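In: No sequence on hand, only this structure:
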């Protein structure tokens, strides 16, 4: 009986240390001396700037309906636009009846103003609405992988991962990585951060941009960790039953 108690105590201690706790998976935690969460600096939000190989869509508005239709109001059918315009290696896009227009490095608003000025050279009352066609981010790893549309400006990491159904309990929230493309053929930037700390808000890791890839690694000890305390109780019960059966069987053999 003494042996059984010692074994059970050890088993309970091991399993208790293998449960997911708020400290491991909780968000917006206050950094303290005990949890040693990182503290990130706040930085101003930077709008996305158009890169080579991005796809641009636009809508031309004018009182001259004939010119407006001829020069390109994109039609939306079957869930996609009929025409999108790729940004070439020289940073320009080719639009009907216009010289190549340079949009690389511009925000959507700046690109809109640039195209409006170009169209007004041939249509005095032209107004233009511009949007990025490839406004998507991707998620891989322990967070229900997929590609998702950025439906608003200033989408943050919490909103982005909420679209996937959140990070799985086995996901390593201490080492989330964002792989972010760079322009001019440079290697992608890799941002690694701990998303449990509340200082992530308004830091350089907070916002998600088009073409970002969010990678959530699996924690090393996830195989041995129970998902919740109901699972923990079930595991304890089944382990005790198995241990009791084995010890009774051994005692019967050596009786």
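Out: Perfect, I can see it now. Small disclaimer: the values here were computed from a predicted structure and weren't measured. Residues are numbered from 1 along each chain as shown.

In: pLDDT weak spots in the stretch 151-255 of the chain?
Out: Applying pLDDT under 70 to the stretch 151-255 of the chain flags the ranges 221-252, 254-255.

In: That one: strands as residue ranges?
Out: 176-180, 189-193, 213-216 (DSSP state E, counting those that start in this stretch).

In: most packed of those?
Out: When these are scored by mean count of other CB atoms under 10 Å, the highest mean neighbour count falls to strand 213-216 (a mean of 21). All C-beta spots, glycine's among them, are computed from the backbone N, C-alpha and C.

In: Could you point out which of the strands of the stretch 151-255 of the chain sits nearest residue 159?
Out: With CB to CB, the closest approach to residue 159 among these belongs to strand 213-216: 11.9 Å.

In: what residues does the closest one touch?
Out: 137-143, 157, 160-161, 167-168, 171-172, 176-180, 208 (CB atoms under 8 Å, 6 or more residues apart in numbering).

In: again, only this time at 6 Å
Out: The contact list for strand 213-216, computed with CB atoms under 6 Å, 6 or more residues apart in numbering, reads 138, 139, 140, 141, 142, 143, 167, 171, 177, 178, 179.

In: before we move on, the earlier item: dump the strands of the stretch 151-255 of the chain into a markdown table; add distance to residue 51 as well.
Out: Output for those, formatted as a markdown table (distance: least, CB to CB, whole Å):
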| stretch | distance to residue 51 |
| --- | --- |
| strand 176-180 | 11 |
| strand 189-193 | 12 |
| strand 213-216 | 15 |
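
In: returning to that earlier point: quick check on the contacts of strand 213-216: which are buried?
Out: 139, 140, 141, 142, 143, 167, 171, 177, 178 (16 or more other CB atoms under 10 Å).

In: show me the contacts for the fourth one.
Out: When contacts are counted by CB under 6 Å, 6+ apart, residue 142 is found next to 168, 170, 171, 216, 218.

In: tell me which of those is nearest to residue 96?
Out: For those, the nearest to residue 96 is residue 216 (43.1 Å; CB to CB).

In: what's the spacing between that closest one and residue 138?
Out: Distance, residue 216 to residue 138, by CB to CB, to the nearest Å: 12 Å.

In: and what of residue 117?
Out: From residue 117 to residue 138 the distance is 34 Å (CB to CB).

In: Remind me which helix or strand residue 118 belongs to.
Out: helix 108-119 (DSSP states H and E).

In: I would like the residues contacting that helix, please.
Out: By CB under 6 Å, 6+ apart, helix 108-119 touches 98, 101, 103, 126, 128, 130.

In: any idea what sits nearest the third one, other than its immediate chain neighbours?
Out: I take that to be residue 103. residue 111 (4.5 Å; CB to CB, 6 or more residues apart in numbering).

In: And for the last one?
Out: Spatially, and ignoring its direct neighbours in sequence, residue 130 is nearest to residue 112 (4.0 Å; CB to CB, 6+ apart).

In: For residue 51, see how far away residue 95 is.
Out: If you go by CB to CB, the gap between residue 95 and residue 51 works out to 18 Å.

In: so what pLDDT did the residue nearest to residue 103 get?
Out: Looking at residue 111, its pLDDT reads 97.

In: And for the one 3 residues further on?
Out: At residue 114, the pLDDT value in this model is 97.

In: what's the burial count for it?
Out: 16 (other CB atoms under 10 Å).

In: what about it, distance to residue 83?
Out: 18 Å.

In: any idea which helix or strand carries the residue nearest to residue 145 when sequence neighbours are not counted?
Out: Of all residues not flanking residue 145 in the chain, residue 139 sits nearest, at 5.5 Å (CB to CB, 6+ apart). Taking DSSP H and E as the criterion, residue 139 maps to strand 136-141.

In: Good, we can wrap up now.
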